[in-house]
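Trainee: pasting the sequence and the predicted coordinates here, then a few questions.
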Amino acid sequence: MAKLWCFVCVNILFTVFQIAKSKKEQVTTPPLPILPLPSYSQLKWQQREIIMFLHFGVNTFTDSEWGTGDESPSIFNPAGLNAGQWADTAAQAGVSLMILTAKHHDGFCLWPSKYTDHSVIRSPWKNGHGDVVHELVDAAKDRGIDIGLYLSPWDRHDRRYGRNVEYNEYYLAQLQELLNKYGSVQEIWFDGAKGSNAPNMSYYFSDWFAMVKELQSTINIFSDAGPDVRWVGDEQGFAGSTCWSTINRTSLSIGNGSIVNYLNTGDPKGTDWLPAECDVSIRTGWFWHKSQAPKKLSELLEIYYNSVGRNCVLLLNVPPNTTGLISETDIQRLREFRSAIDTIFGANLAEKCSMKASSQRGGKSGGFGPENVLDSDHLWTYWAPSDKDEESRWIEIRATNGPLRFNVIRIQEAIGLGQRIKRHEIYVDGDRVASGTTVGYKKLHRLEKEVIHAYSVRILIKESRGLPLLSSVGLHFDPFWHPNQQ
Ligand code: FUL
């Protein structure tokens, strides 16, 4: 009997202990999101950081930017075209998506469309049997790179342009060709440029967008007004120093010059997640011209800081030449650009430091401590302050191995739960060295003065929509940054 009692008591104790243990170990949940949120495809797009644009077509051979539409297909003969070389260039530059102008404003099609003969079919290139889109798709696939397509709405060649139903049918037919025939397409570019050759031409955007989504479920649609990616409002590759991924789509329209400032900064009250893409060319023009050279490394870095470093994606155009190759000078510059980015951001001085924060959600064991900003996950592990921490929310990096030398500070928000930070400041050993507004996926601060002997860096969140959530923080040294020489 005593034995039985003993057995029962041990069992009861064990159960009580298990219950107590499971209570103690209850995991703290993530905070509620703040809407709007990015879609899966938008998040993937954001993490690409740099996308390559390829402007190529009859303009390449006529030394022009906007073709008239009267060009003879016989001028298109890129005898040495090698899409493998384009894709290698992209891979070396760390690019995971390449967008080709399948048709520019001149109406010439780089693929053998069934619906027009103003295309590669009538060109001498490969005796009319070539298909540039196909070549790019194959080369990109071999290297694990995704593709995107640009199909100009404005068409200066096709006779149907200006007759609404006919042209929209033609345009939709071409969309079906491109999005059915070439496998997965990750971005489609609807350019807002529209000339005066048919002022009353209206584009059936709703039909186009619906068709695109029907044919490609993970694609992002770019236009001045989205619906997935918005134009940044300029072609210099510069976002606003305040840049929200949120905006009100109802205030946007395609080809409307009066909204460029709104596009540049976004809207903290916006009800749509519509991040900005910064398009700019490595050269002056979008198409290749013998007389032009690539931008200097310092200019490309300036663009990088003002696009990727301001919560955007950089869409950098690298135009193939008349041979059908990307010029060596451009390849060389891209190599320098990638190597500079890797040099600057390859090492994070904060990794060797200790972290402190004003508070943390769920206390010490809640899983939302400041150390989360040092791991390699830049979305789903993050520092979250406690709900009660409303006054001064900060995170601090403390040197443990001697003083720190840096001139760039990187801050990233956990945008999977919404973009939140409105205003922030940075202090080094108690002195304010930088201040800013939005953070978003990535904010890069290049300091006016290099910090050579620091022991602590504090990021203070002054204002935010709900709790600020930081997913990554970095202290970097940029040897190419000379503020006084700019
Ligand atoms: C503009 C076009 O007119 C340019 O030719 C170029 O394609 C650029 C990316 O978009 O609107």
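Mentor: Perfect, I can see it now. Just so we're clear, the structure is a prediction, and the values are computed from it rather than from any experiment.
Trainee: neighbours around the residue of the chain found nearest the ligand, how many?
Mentor: Proximity of the chain to the ligand (C-beta to the nearest ligand atom) peaks at residue 193, 3.5 Å away. (Each C-beta comes from the backbone N, C-alpha and C, glycine too.) The tally of other residues near residue 193 (other C-beta atoms under 10 Å) stands at 13.
Trainee: quick one: it and residue 105 touch, right?
Mentor: Yes: between residue 193 and residue 105 a contact is recorded at 6.6 Å, counting by C-beta atoms under 8 Å.
Trainee: overlap of the contact sets of those two?
Mentor: By C-beta atoms under 8 Å, 6 or more residues apart in numbering, residue 193 and residue 105 have these common neighbours: 152, 154.
Trainee: ok, the host helix or strand of residue 425: who's next to it in the sheet?
Mentor: Secondary structure assigned from DSSP states H and E places residue 425 in strand 421-428. Paired strands of strand 421-428, with direction, are strand 431-436 (antiparallel), strand 456-464 (antiparallel) (DSSP bridges).
Trainee: so how far is the longest one from its chain's centroid?
Mentor: In other words, strand 456-464. Remark: strand 456-464 is offset 25 Å from the chain centroid, using C-alpha atoms, centre = their mean, to the nearest Å.
Trainee: what residues sit buried inside that strand?
Mentor: Within strand 456-464, the residues that count as buried by 16 or more other C-beta atoms under 10 Å are 456, 457, 458, 459, 460, 461, 462, 464.
Trainee: again with the first one
Mentor: For strand 431-436, the neighbour count (16+ other C-beta under 10 Å) marks 433, 434, 436 as buried.
Trainee: could you dump those residues to a markdown table with pLDDT?
Mentor: Below are the buried residues of strand 431-436 laid out as a markdown table (pLDDT from 0 to 100):
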| residue | pLDDT |
| --- | --- |
| 433 | 97 |
| 434 | 97 |
| 436 | 98 |
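Trainee: pLDDT (mean, whole number) over stretch 405-419?
Mentor: Mean per-residue pLDDT for stretch 405-419: 98.
Trainee: would you mark the buried spots in it?
Mentor: By 16+ other C-beta under 10 Å, the buried positions in stretch 405-419 come out as 406-419.
Trainee: and what of stretch 386-401?
Mentor: By 16+ other C-beta under 10 Å, the buried positions in stretch 386-401 come out as 386, 389, 393, 394, 395, 396, 397, 399.
Trainee: the strands paired with strand 421-428 into a markdown table, with extra columns for distance to residue 114?
Mentor: Below are the strands paired with strand 421-428 laid out as a markdown table (distance: least, C-beta to C-beta, whole Å):
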| stretch | distance to residue 114 |
| --- | --- |
| strand 431-436 | 52 |
| strand 456-464 | 53 |
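Trainee: JSON lines for those strands, including distance to the ligand?
Mentor: What follows is the strands paired with strand 421-428, written out as JSON lines (distance: least, C-beta to the nearest ligand atom, whole Å):
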{"stretch": "strand 431-436", "distance to the ligand": "29"}
{"stretch": "strand 456-464", "distance to the ligand": "34"}
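Trainee: wait, which of those strands is closest to residue 310?
Mentor: Shortest distance between residue 310 and those, using C-beta to C-beta, is found for strand 431-436: 9.4 Å.
Trainee: could I have the helix or strand just after the closest one exported to PDB, CA atoms only?
Mentor: Using DSSP H and E, the helix or strand that follows strand 431-436 towards the C-terminus is strand 443-454. Provided in PDB are the C-alpha atoms of strand 443-454 (Å, rounded to 0.1, in the frame of the first residue of the first chain):
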ATOM      1  CA  LYS A 443      18.500  52.800 -44.300                       C
ATOM      2  CA  LEU A 444      22.200  53.700 -44.800                       C
ATOM      3  CA  HIS A 445      23.600  56.700 -43.100                       C
ATOM      4  CA  ARG A 446      27.000  57.900 -44.400                       C
ATOM      5  CA  LEU A 447      28.500  60.100 -41.700                       C
ATOM      6  CA  GLU A 448      29.800  63.500 -42.500                       C
ATOM      7  CA  LYS A 449      32.800  62.800 -40.400                       C
ATOM      8  CA  GLU A 450      34.500  59.400 -39.900                       C
ATOM      9  CA  VAL A 451      34.200  58.100 -36.400                       C
ATOM     10  CA  ILE A 452      37.600  56.900 -35.300                       C
ATOM     11  CA  HIS A 453      37.500  56.200 -31.700                       C
ATOM     12  CA  ALA A 454      34.000  55.200 -30.500                       C
END
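Trainee: by contact count, what packs against strand 443-454?
Mentor: strand 404-413, strand 421-428, strand 431-436 (3 or more C-beta pairs under 8 Å, 6 or more residues apart in numbering; DSSP states H and E).
Trainee: return the residues in contact with the residue nearest in space to the middle of the chain.
Mentor: Nearest to the geometric centre of the chain sits residue 313, at 2.6 Å (C-alpha atoms, centre = their mean). Neighbouring residues of residue 313 by C-beta under 8 Å, 6+ apart: 45, 46, 48, 49, 50, 51, 229, 275, 276, 277, 278, 307.
Trainee: hey, where'd the helices end up in the stretch 151-300 of the chain?
Mentor: Assigned by DSSP state H, counting those that start in this stretch, the helices in the stretch 151-300 of the chain fall at 164-181, 205-215, 260-265, 297-307.
Trainee: show the subsequent helix or strand relative to the helix or strand bottoming out on mean pLDDT in the chain.
Mentor: Least confident helix or strand of the chain, by mean pLDDT, DSSP states H and E, is helix 2-24 with a mean of 55. Once helix 2-24 ends, the next helix or strand along the chain (criterion: DSSP H and E) is helix 40-48.
Trainee: roughly how far is that next one from the heart of the chain?
Mentor: The answer for helix 40-48 is 7 Å, by C-alpha atoms, centre = their mean.
Trainee: how about the buried residues of stretch 386-401 in a markdown table, adding distance to residue 266, pLDDT and secondary structure?
Mentor: Shown next, in a markdown table, are the buried residues of stretch 386-401 (distance: C-beta to C-beta, whole Å; pLDDT from 0 to 100; DSSP: H, G, I helix; E, B strand; the rest coil):
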| residue | distance to residue 266 | pLDDT | secondary structure |
| --- | --- | --- | --- |
| 386 | 29 | 96 | coil |
| 389 | 27 | 84 | coil |
| 393 | 23 | 97 | strand |
| 394 | 25 | 98 | strand |
| 395 | 24 | 98 | strand |
| 396 | 29 | 98 | strand |
| 397 | 29 | 98 | strand |
| 399 | 36 | 98 | coil |
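Trainee: closest to residue 481 among the residues you listed?
Mentor: residue 397 (19.9 Å).
Trainee: please verify my assumption that the closest one contacts residue 473.
Mentor: Yes: the pair formed by residue 397 and residue 473 meets the contact definition of C-beta under 8 Å, at 6.8 Å.
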